[in-house]
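J.: Provide a 3D model corresponding to the input given below.
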Amino acid sequence: MARVRREVPLPDDSRSLGHDRSPPVSPAIRVRSRKDLRAARRPRGHRCWGHLVAAALWPLHGTNLGTLLRTCDAVGACLAVPPFRWVDEALARGNTLRRPSCVHRVGDPAGWLAMERANGSRMVGVELADEAIRLADLPVADRRTIMILGHEATGIPPQALDLIHYAVEIPMVGTGHSLNVAVAGSLVLYKLAGLT
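T.: So this is what the prediction gives:
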């Protein structure tokens, strides 16, 4: 049986511009080769820049921490975690980077967050809340920003929620209530870093 190729009709405006079926490309978008992208990467791991910190202070699943650490490296952020032995083991197991990344061990999460806020850090909680802003509306971090991730089952504890400047939610159309904490944290980190 021979396959019949059907032409998809184009909108009149794209036909008149001489485009084929691919969407028009903005002149501001510059296509870069893999070689160009590789050359633009950092040649070595970053130290603590202190600008953006992913605070996963109440982790439930260790596998999320390795994934989140990889995202922190990609966007130039640090990772703050509690000083539990299993957390260190999870980071070592999940870290696929050749060089160590910036990881801060935080013994008193609520106390550390309160100190960060008092020192002028912007506190952004990834949480479902009535007053939460959509991820698309989240501004790029223009000063030291702490992105707070809650426990996978119970969310951000009340004492930490009281410290955030604003909550951000990731719109979803599926049946789940939330995304995996590493996925949610990665999306918000890319937005805060201005890389989306």
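J.: Using PDB, write out every CA atom in stretch 176-184.
T.: These are the backbone C-alpha positions of stretch 176-184, laid out as PDB (Å, rounded to 0.1, in the frame of the first residue of the first chain):
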ATOM      1  CA  GLY A 176      -1.100  15.300  39.700                       C
ATOM      2  CA  HIS A 177      -1.000  18.000  42.400                       C
ATOM      3  CA  SER A 178       2.700  18.800  41.900                       C
ATOM      4  CA  LEU A 179       5.800  17.900  40.000                       C
ATOM      5  CA  ASN A 180       8.800  16.000  41.200                       C
ATOM      6  CA  VAL A 181      10.900  18.300  43.400                       C
ATOM      7  CA  ALA A 182      13.900  18.100  41.200                       C
ATOM      8  CA  VAL A 183      11.900  18.900  38.100                       C
ATOM      9  CA  ALA A 184      10.000  21.800  39.700                       C
END
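J.: can you list contacts of that stretch?
T.: Stretch 176-184 has contacts (Cβ atoms under 8 Å, 6 or more residues apart in numbering) with 56, 59-61, 63-65, 67-68, 71, 126, 128, 149-150, 152, 170, 172, 187. Every C-beta, even on glycine, is put in place using the N, C-alpha and C of the backbone.
J.: please redo it, this time with the cut-off set to 10 Å
T.: 54, 56, 58-61, 63-71, 94, 126-128, 135, 147, 149-153, 155, 168-170, 172, 185-187 (Cβ atoms under 10 Å, 6 or more residues apart in numbering).
J.: so who does A90 touch?
T.: A90 touches P59, H61, G62, T63, N64, L65, G66, L69, V81, F84, counting by Cβ under 10 Å, 6+ apart.
J.: returning to that earlier point: what remains of the contacts of stretch 176-184 if I keep only buried residues?
T.: 54, 56, 58-59, 64-71, 94, 126-127, 135, 147, 149-150, 152, 155, 168-170, 185-187 (16 or more other Cβ atoms under 10 Å).
J.: Quick check: P158 vs F84, distance?
T.: From P158 over to F84 the distance is 22 Å, taken as Cβ to Cβ, to the nearest Å.
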